[in-house]
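[1] model the following, please.
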Amino acid sequence: MSFVLRFPPRLQSFTASMPSLTVAASKAAASADKALRIHRADEYPHQVWYFLASVIGLVAVFRFLSFVWSKVFKRKRLSQQSKGNRTSLQKLPTVMFALYRVVAFRLTLDFGSFSLNLTEVVLTMMYIAALFTWTLINTTNVSGKKFDINYWSNRAGVLIASQIPLITALGTKNNLISFITGVPYEKLNYLHRMAARVVFVLIWTHAGSEIHSGQVRLVRYTVASSNPPPLDWPIRSRAYEFFFYTHLILVMLILVGTYLHTKEFNYETYIWPSFVIWGLDRVLRAVRLILFNRSCSAADATAELLTPKCVRLTLKRPRHFRWSAGQIAYLTLPDVSTLPFESHPFTIASCYSQVRVDDAESKFPSKNDSGLEPHWDDLVFLINVREGLTKRLADITARKDTVKAYLDGPYGQSHDLSSPDTIVLIAGGTGVSHTLPLLSDTIRRIQEGKSVCQRVTFIWCIRDSGKENFFFSPDPTDLVWDPSANIQWISDILSRNLSLAPGSLKIDIRIFVTGTSDASNHAQLQELAEGDTSSTESQSTPVQTTISEKAEDVASESEFGIARLPSITIAQGRPSLVEQLKEEAEASKGGSMWVSGMVYWINHLALYSRSES
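    From the prediction side, this is the model:
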C-alpha cells in the first residue's frame with residue numbers, strides 16, 4: 001500500500017521558487033558587500049588625507065610659534081645684554097626648547113651605517129600605523145566573515161594611488177609642504193623615501209591578494225618592483241648619476257602604468273596631479289635658471305685646483321640672488337656634465353653680506369679704507385673631487401681657469417645663530433663649506449647688533465696623507481708636499497672674517513691635520529707656527545703650534561696664507577672632540593653646536609649631546 005503526498009497548488013509554487021530565492025538573497029548580499037566596499041574604498045583615502053593634513057597643519061603652527069618666539073626672545077636677549085645676566089627663570093624657556101631639540105633630533109637609533117633620530121622614528125611609525133589601520137579596519141563583510149580579502153585588497157590599491165601625489169611632492173625641490181611648514185626640502189626628502197618604502201610594502205599587500213585570486217598583473221608589478229626603495233641607498237651612494245636617471249625613467253613608467261590601471265576604476269584623479277607637481281617644480285627651476293643666468297658673464301666661474309682633491313669655484317652673484325649661511329645651490333656645468341641639463345648640489349661656502357667696518361672697532365685692522373669687503377658678494381664653492389662629474393671638473397680645471405656654470409637656488413635650511421652666547425662650529429674636509437659661512441654670518445650679525453654671541457670656536461679637521469699631501473709646484477712635472485696646501489682652501493675667506501671681527505668677539509680657530517706624516521712634515525707644521533709651540537688637549541700624537549698674536553696685518557699675503565694669522569692653532573693628529581665640547585660647554589652660558597662633514601665628527605657630537613642630556 002502506497003501513499004502519495006500532495007501539496008496544495010500554492011505551496012507547490014512556493015517550494016519550487018526556493019532555489020531562486022536563495023540565489024536572489026546571495027546576489028543581494030554580494031551587492032550589499034560591493035556597495036559597502038566601494039563606499040569605504042572611496043571614503044578612507046580621504047580620511048587618511050585629513051589625518052596627514054592635520055599633522056602638516058600642526059607642524060606649520062608649531063613652526064610659526066617657534067619663529068615668533070625666537071624673534072621675541074632675541075629682542076629680549078639683546079635688550080638684557082646691556083643690563084647684566086639673566087635670572088634662572090628667564091633662562092627656563094631657552095632650556096626647555098634646547099631640551100626638546102636634544103630629545104627630538106639628537107636621540108638616535110642606529111642600524112649599522114643608518115641612523116634615525118627620534119622625530120624620524122615617530123613620523124615613520126605614525127605613517128605606517130595610519131596606512132595599515134585604514135587598510136585593515138572594517139573589513140568584515142555582511143555575512144560576518146572577518147578580514148574579507150575583497151575589502152582590504154581593493155582598499156589597499158586605492159590608498160596606494162592616493163599617496164602617489166604626496167610622495168611626488170616630498171621629492172621635489174619646490175613644494176607646497178615645505179612652503180607651509182618651513183621645513184627645507186632636504187629634510188622632507190627622508191619622508192619622501194620613507195613614504196615610498198611603506199607604499200612599496202602596501203603594493204605587494206595589494207598584489208598578494210590578486211595572486212591569491214589568480215588575477216595578478218605580472219608585468220605591472222615587475223615594473224613597480226624594478227625600482228625597490230630598500231635598494232636605493234646602496235645604489236645612490238655608489239653611483240648617484242646612474243641612480244638618478246634610472247630612478248627617473250622607472251618612476252615615469254610606474255606613474256603611467258598606475259594611471260592606466262586606476263583609470264579602469266575611476267581613480268585616476270589621484271595620479272595625474274603627480275605629473276602637475278613634478279612639471280611645476282621643473283618650470284620653477286627653469287625660470288630661476290633663466291632669471292639668474294641671463295648675462296653671459298654671470299655664467300663664467302673662476303675655477304681653481306687648490307689640491308688634487310679640492311676645486312674652488314667662484315661666481316659673481318647674479319642680481320636678485322640672495323642666500324643665507326649654510327644653504328646650497330644647484331650648479332649646471334655644461335662643459336663638464338654628461339647631459340646638458342645635469343645639475344648637482346653644492347654648499348655655498350661664502351656668506352651674502354656687505355659689512356662696513358670701522359677699523360678702530362675691528363679686532364684686526366684691514367688695509368681696505370672703504371671698509372667694504374667685495375668678497376661677500378661672490379658665491380664660493382669648495383668641491384670635493386671624487387668620481388664622475390667632480391673628477392671631470394678637476395681635470396678641466398687643471399687645463400683652464402674658467403668654466404661655464406649656471407646657478408639655481410638657494411635651497412636648504414638657514415640657521416639663526418644670533419641667540420647663543422657661544423657657538424662651536426665643527427667640520428671635516430670640505431664640510432667646512434657649511435661652517436665657514438656660519439662664521440661669516442655670525443660676524444655680520446654682531447656688526448649689525450643682531451647677535452649676542454661672545455665666543456666662536458671654529459674646528460676644522462683635514463686629512464693630509466698619501467696623495468692628498470701634494471700640491472702642484474710651478475714645475476708641472478714636480479709635486480711638492482706642503483702641510484698648508486689644504487689650508488689654502490679657506491685662507492681668503494678666513495682672513496676677511498678675522499679682519500671684520502669686532503673686538504668684543506673672541507674667536508678660537510683650531511685646525512687639525514689628522515693624517516699620518518713623517519718627521520719632516522711635523523717640522524713644516526712647526527714652521528707654519530713661526531716657532532711658537534704650546535700643548536694641546538688632543539689625545540692623539542699632537543704637534544700643536546699656536547700662531548703668534550702679534551700679526552700686524554691679517555689681510556697681507558704670505559707664503560703660507562692664513563698660517564700667519566692670529567688666533568689660529570694648527571695641530572697634527574685627531575682632536576678629542578668630546579673633551580673640547582665639554583670645555584666649551586663649561587665656559588659658555590648656553591651654547592649652540594653645529595657639525596658638518598664626515599660621519600666621524602657627527603657621531604662624536606651626538607655622543608657628547610647624549611652624555612649631557
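
[2] from now on I want contacts and neighbour counts done on CA atoms only, so please keep to that.
    OK.

[3] any idea how this protein splits into domains?
    Annotated domains of the chain cover 30-77+88-283, 293-612 [automatic domain parsing].

[4] what's the least confident stretch among the ones you listed?
    Taking the average pLDDT of each of the domains of the chain, the minimum falls on domain 293-612, with a mean of 68.

[5] where's residue 578, which helix or strand?
    helix 577-587 (DSSP states H and E).

[6] and that helix, what does it pack against?
    Of the remaining helices and strands, those touching helix 577-587 by 3 or more CA pairs under 8 Å, 6 or more residues apart in numbering; DSSP states H and E are strand 422-428, helix 599-612.

[7] residue 313 looks like it's in a strand, true?
    Yes - with DSSP: H, G, I helix; E, B strand; the rest coil as the criterion, residue 313 is located in a strand.

[8] pretty sure residue 141 sits in a strand.
    No - with three-state DSSP as the criterion, residue 141 is assigned coil and is not in a strand.

[9] for it, what are its contacts?
    Listed by CA atoms under 8 Å, 6 or more residues apart in numbering, the contact partners of residue 141 are 33, 147, 148, 151.

[10] hmm, try it at 7 Å
    33, 148 (CA atoms under 7 Å, 6 or more residues apart in numbering).

[11] measure stretch 447-455 end to end?
    Length of stretch 447-455, first residue to last, CA to CA, to the nearest Å: 14 Å.

[12] now do the buried residues in that stretch.
    Using 16 or more other CA atoms under 10 Å as the burial criterion, the residues of stretch 447-455 that qualify are 447, 450, 451, 452, 453, 454, 455.

[13] stretch 137-155 now?
    Quick answer for stretch 137-155 (16+ other CA under 10 Å): 139, 140, 141, 149, 150, 151, 152, 153, 154, 155.

[14] in TSV: these, plus distance to residue 47.
    Formatted as TSV, the entries for the buried residues of stretch 137-155 read as follows, by distance: CA to CA, whole Å:
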residue	distance to residue 47
139	16
140	19
141	21
149	21
150	20
151	17
152	16
153	18
154	16
155	13
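
[15] and the helix or strand hosting residue 407, which strands flank it?
    Per DSSP H and E, residue 407 falls inside strand 406-411. Paired neighbours of strand 406-411 in the sheet (DSSP bridges): strand 328-332 (antiparallel).

[16] other residues contacting the partner strand?
    With CA under 7 Å, 6+ apart, strand 328-332 has contacts from 341-348, 405-412.

[17] could I get the buried residues of stretch 447-455 as CSV with secondary structure and distance to residue 578?
    Formatted as CSV, the buried residues of stretch 447-455 follow (DSSP: H, G, I helix; E, B strand; the rest coil; distance: CA to CA, whole Å):
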residue, secondary structure, distance to residue 578
447, helix, 31
450, coil, 30
451, coil, 27
452, coil, 25
453, coil, 22
454, coil, 22
455, strand, 18
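
[18] a markdown table for those residues, including distance to residue 263?
    As requested, the buried residues of stretch 447-455 are arranged in a markdown table below (distance: CA to CA, whole Å):
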| residue | distance to residue 263 |
| --- | --- |
| 447 | 61 |
| 450 | 57 |
| 451 | 57 |
| 452 | 60 |
| 453 | 59 |
| 454 | 63 |
| 455 | 62 |
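
[19] which among these gets closest to residue 284?
    Distance ranking of the buried residues of stretch 447-455 against residue 284, using CA to CA, places residue 450 first at 33.0 Å.

[20] wait, that closest one touches residue 416, no?
    No - taking contact to mean CA atoms under 7 Å, the distance of 10.4 Å between residue 450 and residue 416 leaves them out of contact.

[21] shared neighbours of the two, anything?
    With the criterion set as CA under 7 Å, 6+ apart, the contacts of residue 450 and residue 416 do not overlap.

[22] in strands only, show me the buried residues of stretch 137-155.
    Using DSSP state E to define strands, no part of the buried residues of stretch 137-155 is located there.

[23] next, give phi and psi for residue 402.
    When quoted as degrees, to the nearest 10, the phi and psi of residue 402 stand at phi -130, psi 140.

[24] quick one: it and residue 338, what's the gap?
    Residue 402 sits 18 Å away from residue 338, going by CA to CA.

[25] okay, these two: which has more neighbours?
    Taking other CA atoms under 10 Å, residue 402 and residue 338 do not tie; residue 402 has more neighbours (16 against 13).

[26] report the beta-bridge partners for that one.
    Under the criterion DSSP bridges, residue 402 forms beta bridges with residue 302.

[27] list the contacts for it?
    Contacts for residue 402 were tallied using CA under 7 Å, 6+ apart; they are 300, 301, 302, 303.

[28] in a markdown table: the residues you listed, plus distance to residue 291 and neighbour count.
    Formatted as a markdown table, the entries for the contacts of residue 402 read as follows, by distance: CA to CA, whole Å; neighbours: other CA atoms under 10 Å:
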| residue | distance to residue 291 | neighbour count |
| --- | --- | --- |
| 300 | 15 | 18 |
| 301 | 17 | 21 |
| 302 | 21 | 18 |
| 303 | 23 | 22 |
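
[29] and those as JSON lines, adding distance to residue 170?
    Supplementary listing: these in JSON lines, determined by distance: CA to CA, whole Å:
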{"residue": "300", "distance to residue 170": "33"}
{"residue": "301", "distance to residue 170": "32"}
{"residue": "302", "distance to residue 170": "34"}
{"residue": "303", "distance to residue 170": "34"}
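
[30] please enumerate residues in contact with the strand holding residue 407?
    For strand 406-411, the external contacting residues (CA under 7 Å, 6+ apart) are 285, 288-289, 292-293, 299, 323, 327-333.

[31] nearest to residue 167, of the residues you listed?
    Each of those was checked against residue 167 using CA to CA; the closest is residue 285, at 19.2 Å.

[32] ok so, going back, may I have the helix holding residue 578 exported as PDB, CA atoms only?
    Extracted as PDB, the C-alpha positions of helix 577-587 are listed here (Å, rounded to 0.1, in the frame of the first residue of the first chain):
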ATOM      1  CA  LEU A 577      86.000  66.300  20.300                       C
ATOM      2  CA  VAL A 578      84.200  65.100  23.500                       C
ATOM      3  CA  GLU A 579      86.800  66.800  25.700                       C
ATOM      4  CA  GLN A 580      86.800  70.000  23.600                       C
ATOM      5  CA  LEU A 581      83.000  70.200  23.600                       C
ATOM      6  CA  LYS A 582      82.900  69.700  27.400                       C
ATOM      7  CA  GLU A 583      85.400  72.500  27.800                       C
ATOM      8  CA  GLU A 584      83.300  74.800  25.600                       C
ATOM      9  CA  ALA A 585      80.100  73.900  27.400                       C
ATOM     10  CA  GLU A 586      81.600  74.700  30.800                       C
ATOM     11  CA  ALA A 587      82.900  78.000  29.600                       C
END
